[in-house]
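Visitor: Turn this into a model:
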Amino acid sequence: MLLWFASLAAAQTPAVPPKAVATARDYLQNALADETLRIIALSGLRSTGDAELLPLFEAQMRRSDREGRLLAAAMAGKVAGELAAPALQERLRSDPVMAVRAEALVQLLLLKAVTTPQLQAAMTLEDEGLAILAARALVQRGKGTFALPTLQKLAASHDSDTAAYAKMSLFGLGDTPQIRKNQLRTILLDPKTSNRLLMGLLNQIRDENIKDAREVAQYLTDPKYPRIVRVQAYMTLADLLPSASKTLTGAILAKNSDLFRVNLLRILAEQSDAKYWLDDLARRGDLLGAVARFELARPHGGPAAERALRELVIDLGHPILIEYALKRPDRAAFYVEPMLQVLRSADLPAAGMTPQHDRLALLVELLANVGTPPAMAGLREILTGPDSPTKTLTAGALYRSTNPAVCDLARPLLSSALTEHRLYAALTLARHGDRDAVAALLDIQAHADTHRPDVLTLTNWYLLKLSGDAQSAVQVLAEKVK
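Guide: Here you go, the predicted model:
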């Protein structure tokens with residue numbers, strides 16, 4: 001009887017025909033061999049976060065062309081995390097192109113998978129970009145004495161950015177501090193210094209904890225600089241000043257744009273003594289007061305936090321505030337009802353993408369990841385309601401969720417009259433290994449001429465996964481990389 005039930009279940013489980021498996025292999029092989037399609041294909045495969053793809057990315061890192069190796073090195077860690085470290089270390093040791101070595105080092109640093117001896121070796125290579133990366137990484141590890149000779153050499157570089165970063169590190173290490181201070185002042189006062197470099201130096205001050213460089217950060221808070229630079233400068237001051245909260249509050253109360261002040265309020269909320277300053281701001285009857293009340297209530301959750309969130313995203317409803325609330329670290333139940341109300345009341349254009357689409361997609365992802373019965377019921381209500389731009393966006397954004405329970409929300413869309421809804425449902429189910437996606441994926445594959453390359457990449461990969469043939473297919477694809 002048990003065997004009979006097992007065979008019945010197997011018969012009802014959609015299979016991936018051998019022809020579709022072969023078609024999927026051929027599509028991916030051709031896409032990866034095409035210079036135009038390769039970046040789309042690799043980006044799509046990277047988005048799956050499937051470590052089973054690592055051999056393919058390892059093979060791509062050994063391609064004969066520079067761009068192919070560079071692209072794969074930048075993506076491998078996103079696919080497989082620390083498992084990609086050995087292949088990246090191989091690129092760092094032996095790639096003939098220094099740009100590829102530098103990218104490999106960047107990714108290894110992000111993965112925290114590079115040793116001090118490896119960094120010391122990287123500093124000896126004849127490439128200033130690679131050398132400054134390695135030297136700064138050593139400084140961050142407290143091994144600045146190992147990097148000192150290299151930094152002194154790089155401070156004389158003809159590349160202005162390399163020289164600036166080296167001088168900042170040397171200043172932090174106490175190397176001829178007055179000379180380095182004067183050099184940094186010259187860089188700051190030079191009108192040719194780019195905002196990108198200014199942002200980089202501010203990040204460096206934070207990364208290397210250069211407390212004596214707080215004057216640099218203070219100078220860059222000046223209103224003559226763009227908002228993005230000023231916000232970064234205040235973030236840096238928040239790390240360096242014992243009285244940062246007072247400084248931040250003064251800037252919040254000064255005459256600045258709402259967006260700028262809300263950004264500063266977020267930094268203030270992260271300070272250990274934030275409550276004292278937020279209490280005062282919370283008495284205000286304006287936008288700042290609403291944000292302060294939300295920050296005071298947010299850590300505790302419950303009805304008070306929901307009321308504060310509702311004031312922020314419903315009563316005031318400014319896009320800045322909705323985005324602010326979505327980017328806070330909580331994934332708590334009190335978000336559900338106010339955010340569902342935002343989603344239900346959205347008025348999206350029938351065509352085109354706007355910043356509002358991005359905000360609402362993040363909102364759907366949040367609700368799906370919270371995953372409480374009210375959250376899932378609210379999303380189901382939208383997905384079973386009349387067709388609309390909001391329903392389509394919700395269907396597409398489910399793919400971003402890490403909660404397997406979204407499959408139950410997506411499955412009914414497989415029978416939708418709209419191709420787009422069926423497509424989104426199939427990809428969402430396939431991402432979580434749900435075989436109900438097979439028929440819809442086969443239909444997409446059969447009508448490849450009507451679908452975009454990014455959709456076809458995911459479709460063919462998931463068909464390989466659901467066929468059980470992914471591992472051997474990856475090996476075959478990796479062997480054919482040139």
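Visitor: Tell me the spacing between residue 365 and residue 312.
Guide: With the distance defined as Cβ to Cβ, to the nearest Å, residue 365 ends up 19 Å from residue 312. From N, CA and C alone the C-beta is placed, and that goes for glycine too.
Visitor: and what of residue 251?
Guide: Taking Cβ to Cβ as the measure, residue 251 and residue 312 are separated by 21 Å.
Visitor: With residue 78 instead?
Guide: The value you get for residue 78 to residue 312, if Cβ to Cβ is used, is 33 Å.
Visitor: who's more crowded, those two?
Guide: With neighbours defined as other Cβ atoms under 10 Å, residue 78 and residue 312 compare such that residue 312 has more, 24 against 17.
Visitor: hang on, isn't the more buried one packed against residue 294?
Guide: Yes. In this structure, residue 312 sits in contact with residue 294. The criterion is Cβ atoms under 8 Å, and the distance is 5.1 Å.
Visitor: Which stretches in the stretch 101-250 of the chain count as helices?
Guide: 116-123, 128-140, 144-154, 160-173, 177-189, 195-207, 214-219, 227-240, 244-253 (DSSP state H, counting those that start in this stretch).
Visitor: Kindly present the ones you listed as a markdown table, with separate columns for distance to residue 51 and mean neighbour count.
Guide: As requested, the helices of the stretch 101-250 of the chain are arranged in a markdown table below (distance: least, Cβ to Cβ, whole Å; neighbours: other Cβ atoms under 10 Å):
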| stretch | distance to residue 51 | mean neighbour count |
| --- | --- | --- |
| helix 116-123 | 23 | 17 |
| helix 128-140 | 25 | 23 |
| helix 144-154 | 34 | 18 |
| helix 160-173 | 34 | 23 |
| helix 177-189 | 43 | 15 |
| helix 195-207 | 29 | 18 |
| helix 214-219 | 40 | 18 |
| helix 227-240 | 34 | 20 |
| helix 244-253 | 41 | 19 |
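Visitor: Out of those, the one nearest residue 360 is which?
Guide: Proximity to residue 360, assessed across the helices of the stretch 101-250 of the chain by Cβ to Cβ, is greatest for helix 227-240 (24.1 Å).
Visitor: helices or strands up against the closest one?
Guide: In this structure, helix 227-240 packs against helix 195-207, helix 214-219, helix 244-253, helix 258-269, with contacts taken as 3 or more Cβ pairs under 8 Å, 6 or more residues apart in numbering; DSSP states H and E.
Visitor: could I get these as JSON lines with mean pLDDT?
Guide: Shown next, in JSON lines, are the helices and strands packed on helix 227-240 (pLDDT from 0 to 100):
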{"stretch": "helix 195-207", "mean pLDDT": "97"}
{"stretch": "helix 214-219", "mean pLDDT": "95"}
{"stretch": "helix 244-253", "mean pLDDT": "95"}
{"stretch": "helix 258-269", "mean pLDDT": "94"}
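Visitor: now for those, which one comes closest to residue 178?
Guide: When those are ranked by distance to residue 178, counting by Cβ to Cβ, first place goes to helix 214-219 at 13.0 Å.
Visitor: Share the number of residues neighbouring residue 90, please.
Guide: Neighbourhood size, residue 90 [other Cβ under 10 Å]: 14.
Visitor: Check the gap between it and residue 116 for me.
Guide: Residue 90 is 19 Å from residue 116, where distance means Cβ to Cβ.
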